[in-house]
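**Q** The sequence isn't on hand, but the structure is:
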């Protein structure tokens with residue numbers, strides 16, 4: 001299966017601000033196609049809907065909050081796996097060998113920590129938090145309800 005660059009970014013979890021912006025633009029473009037233009041009551045001309053009007057009409061999560069909450073749900077699932085499972089070992093493992101020059105690339109764990117910081121969890125050991133399903137679900141729900149600019 002061939003994936004586009006944007007799909008690969010979303011699956012890897014390494015989204016940058018530029019990719020987030022591009023996803024929001026794409027989402028707004030799709031919503032404008034679905035909800036179509038509306039006739040202005042004063043002038044009688046057709047006009048595009050503003051972003052705020054689109055999001056009022058489409059009351060579901062925006063795409064970035066959806067990705068964040070799903071990433072947290074998956075991380076909690078993997079953190080509760082046994083240490084012998086490959087997914088868990090990949091998530092918490094540390095690669096051996098020399099690191100290339102430059103800033104280290106952002107890892108899944110870094111993204112999870114950033115997502116948790118946004119919802120108010122600043123403790124270092126998120127894997128222990130994920131063991132308590134109810135508390136973890138509360139943080140996932142909080143990530144779903146974040147206000148995104």
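**A** Received it, and whenever you're ready, just let me know what you need. What you see is a predicted model; the values in this text were computed from it and never measured.
**Q** Show the subsequent helix or strand relative to the longest helix seen in the chain.
**A** In terms of residue count, the longest helix belonging to the chain (DSSP state H) is helix 17-35. Downstream of helix 17-35, the first helix or strand assigned by DSSP states H and E is strand 38-39.
**Q** by contact count, what packs against that following strand?
**A** Applying 3 or more Cβ pairs under 8 Å, 6 or more residues apart in numbering; DSSP states H and E, one finds that strand 38-39 contacts strand 46-47. Bear in mind the C-beta positions are built from the backbone N, C-alpha and C, glycine included.
**Q** what's the following helix or strand past the strand it packs on packed up against?
**A** Counting by DSSP H and E, the next helix or strand C-terminal to strand 46-47 is helix 51-57. Here helix 51-57 is seen to pack against helix 17-35 when contacts are counted using 3+ Cβ pairs under 8 Å, 6+ apart.
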